[in-house]
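Chemist: based on what follows, work out the 3D shape:
(chains A and B)
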Amino acid sequence: MNTTATAPVTTTAETGFARPNYLNAAYGVRSWLLTRDHKRIAILYLISVTAFFALGSLFALLIRLELLTPEGDLFQPDTYNRLFTMHGVVMVFFFLIPSIPAVLGNFLVPLMIGAKDLAFPKLNLASWYVYNLGGIFTLWAIVHGGVDTGWTFYTPLSTHYSNTYVISTALGIFITGFSSIFTGLNFIVTVHRMRAPGLTWFRLPLFIWSTYATSLIIVLGTPVIAITLLLVAAERVLHLGLFDPALGGDPVLFQHLFWFYSHPAVYIMILPAMGVVSELVAAFARKKIFGYRFVAFASIAIAVLGFLVWGHHMFVAGESIYAATIFSVLSMLVAIPSAVKVFNWTATLYQGSISYQTPMLYALGFIGLFTLGGLTGVMVATLGIDVHVHDTYFIVAHFHYIMVGGAIMGYLGGLHYWWPKISGKLYPAALSKLSALLVFVGFNLTFFPQFILGYLGMPRRYWSYPPEFQVLNVLSTAGASILGVGYLLPLCYFIWSMRYGKDSGDNPWGAVGLEWDTTSPPPTENFYTTPVVTHGPYEYNREEVHNRMSQEATLG
Amino acid sequence: MASEPLMEPHGHAAHHRDLAHQFDSLDQQKESSTLGTWLFLVTEIMFFGGLFTAYVIYRRLYPQAFALASHTLNVPMGAINTAILIGSSLTMVLAIWAAQVSWRKGIVLFLGLTILLGSAFLGIKSVEYREKFETHHVPGPTFHFVPESEHVKVTDPQLERHASIFFSLYFIMTGLHALHMIIGIGILVVLAVLSWKGKYGPEYHNPLEMTGLYWHFVDIVWIFLFPLLYLLGAHAR
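Modeler: Residues are numbered from 1 along each chain as shown, chains lettered A, B, ... in the order given. Here you go, the predicted model:
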């Protein structure tokens, strides 16, 4: 990219003073809580999201502990129901959906498009407060004993029979939905209206394309879950009968409305991770991404197709065979743009000069795990197989391969890649590679046995199981503890690096992209002069050619 | 303030007092807020869309109960309210026009009229709601429903329950619509005060236009609600 952003001030090492950046621009709690700087808001989100991730992980840990033995010996069955419900609610709505968009997206979107900030900074700050407000409602429910309906809130269980805090949890999710909408809306407007001069659509980094596609899903889908949960709350309070078969209501209508958002929500989780991986693969293979336009349009295709497949959650819920067949075929179509991405990343790796830095380890892990999750997705999109494995651990394993093996690997890979940009510091390389390895091994050990368990017929959401399933369950619990260590390590060394890490310099990876053209950490206004863009996003070859030519010129 | 820059990195443009720091020009700012408002309206369409979907499903399942329940709604009041809302959209547009021609008192006048019409709508709506309470058409333990005319041949064995679903949807849909109107009126009051202080003129009146878009949207929702709820099977009355 153009080197338009050379800092007018010398570096810390030379002067002993830190260059002005968004972290030292102002101090004090007030300067953080009232900030409108997208980078600071990203940090605020990072803190909140990490807290909810820890909470969701705690519930996962308790679930795995209970499943260590076939008998239900650690918790009462009611408690177990609450544990998996709250694990799902916290992880889906308070971690996975906001994770990459609200943290990395907030930080990077303006930087990557050469803007001073998002289009609506106040709305951005508001979104963080709204997110936390929704979180408080949900935490209130958790503290008072939680909710036991499953994260899907199926009626009439959620509206009539459940004796737990459904309304508070539903309101928490309703409120948090607004924060997603604020973020998505902000990104769409920003990408349309705030791009630097010369930054045409096909010069945008693929992370921007996937964030844009994600934002479209957020804006179109989230209002539907909002009205759905509002109806559930109204039904629960006023006994309207909208979803109660005894009063002429249709519970399957609830499932349709719920999955109209909640299936696309899966793409809200995975698309941003795909965007991260596109950046990582290009940066660490030192190559232009293979088939840029295909990867870009694949994001849009996934966003569009994602809205047409919700019915595959109701194959055994009384959906007509014609509807089921159509939803089955449409679901398989999602495999096409997903495969386009996987093949293009692989083709980018081919003959690249690959360096196995920590972020790249996560990216490679993502490609493998996402492929497995995607292929099993095609399996469960098949009517016959779905009837067999529906509501078993096969489904649990499948979506964890996408959400944990995919989305969280992408999130961690992205955090490791942009951490020097965010903090200006380096984290310990060897330790971070070890943690990437632990995450990969721990993940597979946790969830691969669950494929087998599910195929053998172990149903999900039960606190006990037949003794012959114990070996695989013990493997899974062992894997989960390794995975836990893998997640704790980055938390520790990221915090450690902020104080003790070595200065990273502006561009430790030698990566291209507007975000690397400015200083690390960036100044509050991102760029000292507005960058002018003259070429595409992954011009690694061009740069090398250019360097070689200038070297030859000097050598004469 | 955290975002106070330590230097002037973008010192070139002379900044208009209404230009936010992240934008380069008033045009860019206006385009952004327009796009943002439209996107917000898209989310609103999806929000009401969920309700309309539920309405369509149940109307198809229980056509007779829906038609008979619809007949109990007060069509003249609904029609007057429709006219009032369309009128309020006109006064909203006139307020923007007044800003364009620098007529400060005109902005306040037309915003005031819009507020007045919006409040009139809510007033008539509350009279209708009271009527429903008095006739026990509010879903709940005291709900009671029989067809208005004795000559109707009832073919739906669970007419009362299914009518209750109609009224549930009626109250949720018109209730959320009314909530949107109340929020709109709140924004209009703020804008009226700011206009009185001379905040808006021909060069800058973005908030007026954006609020106008929102107001028209709320209007359009009603234009769909009125026939779907009030005029069902009107020919067969």
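
Chemist: show me where chain B has its helices.
Modeler: B:26-61, B:63-71, B:75-100, B:104-134, B:159-196, B:206-230 (DSSP state H).

Chemist: adding distance to A:Ala285 and mean neighbour count, write those out as a markdown table.
Modeler: Backbone N, C-alpha and C define where each C-beta goes, glycine included. Below are these laid out as a markdown table (distance: least, Cβ to Cβ, whole Å; neighbours: other Cβ atoms under 10 Å in any protein chain shown):
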| stretch | distance to A:Ala285 | mean neighbour count |
| --- | --- | --- |
| helix B:26-61 | 36 | 18 |
| helix B:63-71 | 61 | 22 |
| helix B:75-100 | 54 | 18 |
| helix B:104-134 | 59 | 17 |
| helix B:159-196 | 51 | 19 |
| helix B:206-230 | 45 | 19 |
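
Chemist: now do the contacts for residue 192.
Modeler: Just so you know, I chose chain A. A:His192 is in contact with B:32, B:35, counting by Cβ atoms under 8 Å, 6 or more residues apart in numbering or on different chains.

Chemist: think we crossed wires, I meant chain B
Modeler: Counting by Cβ under 8 Å, 6+ apart, the residues that B:Ala192 touches are B:107-108, B:111-112, B:115.

Chemist: what is the nearest of these to chain A?
Modeler: Chain A has its nearest neighbour among those in B:Leu111, at 23.2 Å by Cβ to the nearest Cβ.

Chemist: I figured B:Phe224 hits B:Phe52, correct?
Modeler: Yes. Using Cβ atoms under 8 Å, B:Phe224 makes contact with B:Phe52 at a distance of 7.4 Å.

Chemist: can you list phi and psi of the residue of the stretch 51-200 of chain A found nearest chain B for me?
Modeler: Of all residues in the stretch 51-200 of chain A, A:Asp117 sits closest to chain B, at 3.9 Å by Cβ to the nearest Cβ. Per-residue torsions, A:Asp117: phi -170, psi -180 (degrees, to the nearest 10).

Chemist: can you count the residues close to the residue nearest to it when sequence neighbours are not counted?
Modeler: Excluding the flanking residues, the one nearest A:Asp117 by Cβ to Cβ, 6 or more residues apart in numbering or on different chains is B:Gln22, at 3.9 Å. The number of residues packed near B:Gln22 is 24, by other Cβ atoms under 10 Å in any protein chain shown.

Chemist: right, and B:Gln22 touches A:Leu118 too?
Modeler: Yes. The pair formed by B:Gln22 and A:Leu118 meets the contact definition of Cβ under 8 Å, at 7.1 Å.

Chemist: could you list the low-pLDDT ranges of chain B?
Modeler: B:1-15, B:234-237 (pLDDT under 70).

Chemist: spell out which parts of the stretch 1-150 of chain A neighbour chain B.
Modeler: Counting by Cβ under 8 Å from any Cβ of the partner chain, the stretch 1-150 of chain A comes close to chain B at A:8, A:20, A:25-26, A:31-32, A:34-37, A:40, A:115-121.

Chemist: filter these down to just the ones in helices.
Modeler: In this view, the residues of the stretch 1-150 of chain A next to chain B that belong to helices under DSSP H are A:31-32, A:40, A:121.

Chemist: out of these, which comes closest to chain B?
Modeler: Nearest to chain B among these is A:Ser31, at 4.1 Å by Cβ to the nearest Cβ.

Chemist: number of residues surrounding that closest one?
Modeler: Residues contacting A:Ser31 under the criterion other Cβ under 10 Å number 16.

Chemist: okay, now A:Arg499: neighbour count?
Modeler: Look at A:Arg499: counted by other Cβ under 10 Å, it has 7 neighbours.

Chemist: distance check, it against A:Ser423.
Modeler: 10 Å (Cβ to Cβ, to the nearest Å).

Chemist: in the stretch 301-450 of chain A, which residue sits nearest chain B?
Modeler: Counting by Cβ to the nearest Cβ, the stretch 301-450 of chain A gets nearest chain B through A:Phe307, at 10.6 Å.

Chemist: next one: phi and psi at that residue?
Modeler: Main-chain dihedrals, A:Phe307, degrees, to the nearest 10: phi -80, psi -10.

Chemist: tell me the contacts of it?
Modeler: A:217, A:220-221, A:260, A:264.

Chemist: which ones, among the residues you listed, also lie beside chain B?
Modeler: Restricting the contacts of A:Phe307 to those near chain B by Cβ under 8 Å from any Cβ leaves A:220-221, A:260.

Chemist: just send those residues back as JSON lines, with secondary structure and neighbour count too.
Modeler: Below are the ones next to chain B among the contacts of A:Phe307 laid out as JSON lines (DSSP: H, G, I helix; E, B strand; the rest coil; neighbours: other Cβ atoms under 10 Å in any protein chain shown):
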{"residue": "A:Leu220", "secondary structure": "helix", "neighbour count": "23"}
{"residue": "A:Gly221", "secondary structure": "helix", "neighbour count": "28"}
{"residue": "A:Phe260", "secondary structure": "helix", "neighbour count": "22"}
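
Chemist: just checking stretch A:512-524 against chain B, any contact.
Modeler: Yes. Using Cβ under 8 Å from any Cβ, we find that stretch A:512-524 touches chain B at A:523-524.

Chemist: pLDDT of that stretch, averaged?
Modeler: Taken as a whole, stretch A:512-524 has a mean pLDDT of 94.

Chemist: likewise for stretch A:136-148?
Modeler: The average pLDDT within stretch A:136-148 is 95.

Chemist: so how far is that stretch from its chain's centroid?
Modeler: Centre-to-centre, stretch A:136-148 and its host chain are 23 Å apart (Cα atoms, centre = their mean, to the nearest Å).

Chemist: stretch A:79-92 now?
Modeler: 18 Å.

Chemist: spatially, which residue comes closest to A:Ala115, not counting chain neighbours?
Modeler: Ranked by Cβ to Cβ, 6+ apart and with sequence neighbours excluded, the top spatial neighbour of A:Ala115 is A:Met194, at 4.0 Å.

Chemist: coming back round to it: which two among the contacts of B:Ala192 are spaced furthest apart?
Modeler: Farthest pair in the contacts of B:Ala192 (Cβ to Cβ) is B:Ile107 and B:Ile115. Separation: 12.4 Å.

Chemist: nearest to chain B, of the contacts of A:Phe307?
Modeler: Nearest to chain B out of the contacts of A:Phe307 is A:Leu220 (Cβ to the nearest Cβ; 5.7 Å).

Chemist: verify the contact between A:Asn473 and A:Leu453 for me.
Modeler: Yes. Using Cβ under 8 Å, A:Asn473 makes contact with A:Leu453 at a distance of 7.1 Å.

Chemist: ok, these two, which is more surrounded?
Modeler: Remark: of A:Asn473 and A:Leu453, A:Leu453 carries more neighbours, 25 against 21, as counted by other Cβ under 10 Å.

Chemist: who does the helix or strand where that one lies touch, helix- and strand-wise?
Modeler: Per DSSP states H and E, A:Leu453 falls inside helix A:429-456. Contacts defined by 3 or more Cβ pairs under 8 Å, 6 or more residues apart in numbering or on different chains; DSSP states H and E place helix A:429-456 against helix A:358-381, helix A:393-402, helix A:409-423, helix A:470-500.
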